[in-house]
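Engineer: Got a sequence here, can you build the structure:
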Amino acid sequence: MDIIDTHCHVISGDLAKYPRSPLDGKQSGWATTRPVDADGMAARMDEAGIKQAVLVQATTAYGYDNSYVLDSRARRPDRFLAVGTVDPLRPDAAEHLAAVTEGGLAGVRLFTSGSTVPTQGEWFAAPESFPFWEKAAELGVTVCLQMRLGPATAQLVTLLDRFPSARILLDHLGYPAVAESPADAGAEVAKLAVHPNLHLKLTHRTLEPLHSAGKEAAAFLDPVLASFGAHRIAWGSNLPAAEQSLPELVTLAREVLAEVPEAERHEIFEGTARRLYPGLPG
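Structural biologist: Reported below is the predicted structural model:
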């Protein structure tokens, strides 16, 4: 079984060619203390037995400047695809989306909450964003949405209903509170499965608390897998935001998913990624 990493970040050491321009002017700690460039990422992929990876824009390093992920993809099209960050509120958002996907981006990401954005933004569902979502649906572009479930879930549901053809990939499963209650967290995520255009990205953010939960992890995994199906779930490492090595992150995922049938694990580690990003080489 091949493994495709749908969520890793690369940062260049060449500050002159690729100057830092983090969203809201604040870099994340990992971007400054343990950056990995594209060559380093390829080497780590070799160590972990990963065939291909989706380079997701390091928003907390480069903001809306997608130059490095695009250049990294261009240099290694056999190994990488590029997902860039865009602003869906700009007046020409629809035209801009068409241009950047034509220019090499296989998908785009909206960063509405994260390590440097503690307050969950709800702007991703503002009426001003509707032309962006209409164009994303028209182009069949996968939109990664970095957000936290909770008060903003209502906005997510509104989008899913309004744009049923827009393919949304929820980064880190929306950070469900697995550590507090695997069962409650599983129920919260599972109820979103009624929206067929929503997909889930499974990373260490969820896998770590599931590993710690031991047998109780099934209270989360069972309803999520039953409702979404493995064909709507894709694995991503989140390296180097994750502190572990890439082989360790692969092992973590394998251990948590050990009781999942092999055919479903194949979907999570490879099959779903290929449907979300058909540009991945065979």
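Engineer: where's the nearest residue to residue 176 once chain neighbours are set aside relative to residue 203, distance?
Structural biologist: Nearest residue to residue 176, sequence neighbours excluded (Cβ to Cβ, 6 or more residues apart in numbering): residue 185, at 3.8 Å. To be clear about C-beta, it is placed using only N, CA and C from the backbone, and glycine gets the same treatment. Separation of residue 185 from residue 203 (Cβ to Cβ, to the nearest Å): 15 Å.
Engineer: which SS class is the residue nearest to residue 176?
Structural biologist: helix (DSSP: H, G, I helix; E, B strand; the rest coil).
Engineer: For it, which residues are in contact?
Structural biologist: 176-178, 220 (Cβ atoms under 8 Å, 6 or more residues apart in numbering).
Engineer: farthest-separated two in the residues you listed?
Structural biologist: 177 and 220 (10.2 Å; Cβ to Cβ).
Engineer: higher neighbour count, the two?
Structural biologist: residue 220 (27 against 14; other Cβ atoms under 10 Å).
Engineer: now, which of the contacts of residue 185 sits nearest residue 34?
Structural biologist: Nearest member of the contacts of residue 185 to residue 34, counting by Cβ to Cβ, is residue 178, at 24.7 Å.
Engineer: Export the helix or strand bottoming out on mean pLDDT in the chain to CSV, keeping only CA atoms.
Structural biologist: In the chain, no helix or strand scores lower on mean pLDDT, DSSP states H and E than helix 29-33, which sits at a mean of 85. The C-alpha trace of helix 29-33 is given here as CSV (Å, rounded to 0.1, in the frame of the first residue of the first chain):
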residue,chain,number,x,y,z
GLY,A,29,6.9,28.7,16.8
TRP,A,30,7.5,25.6,14.6
ALA,A,31,8.1,27.7,11.5
THR,A,32,11.0,29.5,13.2
THR,A,33,12.5,26.6,15.3
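Engineer: Show me what the helix or strand that that helix is followed by packs onto, helices and strands only.
Structural biologist: Once the chain leaves helix 29-33, the next helix or strand it forms, by DSSP states H and E, is helix 38-48. Judged by 3 or more Cβ pairs under 8 Å, 6 or more residues apart in numbering; DSSP states H and E, helix 38-48 is in contact with strand 52-56, helix 67-75, helix 246-256.
Engineer: switch the cut-off to 6 Å
Structural biologist: For helix 38-48, the elements it packs on are helix 246-256, judged by 3 or more Cβ pairs under 6 Å, 6 or more residues apart in numbering; DSSP states H and E.
Engineer: Quick check: the residue nearest to residue 176 vs residue 198, distance?
Structural biologist: 16 Å.
Engineer: re earlier: now intersect the contacts of residue 185 with the helices, please.
Structural biologist: If you go by DSSP state H, the contacts of residue 185 have residue 220 in helices.
Engineer: how about the strands of the stretch 151-282 of the chain, start to end?
Structural biologist: 168-170, 198-202, 233-235 (DSSP state E, counting those that start in this stretch).
Engineer: mind giving me TSV with those strands and columns for mean pLDDT?
Structural biologist: Formatted as TSV, the strands of the stretch 151-282 of the chain follow (pLDDT from 0 to 100):
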stretch	mean pLDDT
strand 168-170	98
strand 198-202	98
strand 233-235	98
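Engineer: and residue 85, which of the ones you listed is closest to it?
Structural biologist: That would be, of these and by Cβ to Cβ, strand 168-170, which comes in at 13.9 Å.
Engineer: so of the strands of the stretch 151-282 of the chain, which one's packed in deepest?
Structural biologist: Of all the strands of the stretch 151-282 of the chain, strand 233-235 has the most neighbours on average by mean count of other Cβ atoms under 10 Å, namely a mean of 26.
Engineer: partners of that one in the sheet?
Structural biologist: When pairing is defined by DSSP bridges, strand 233-235 lines up against strand 198-202 (parallel).
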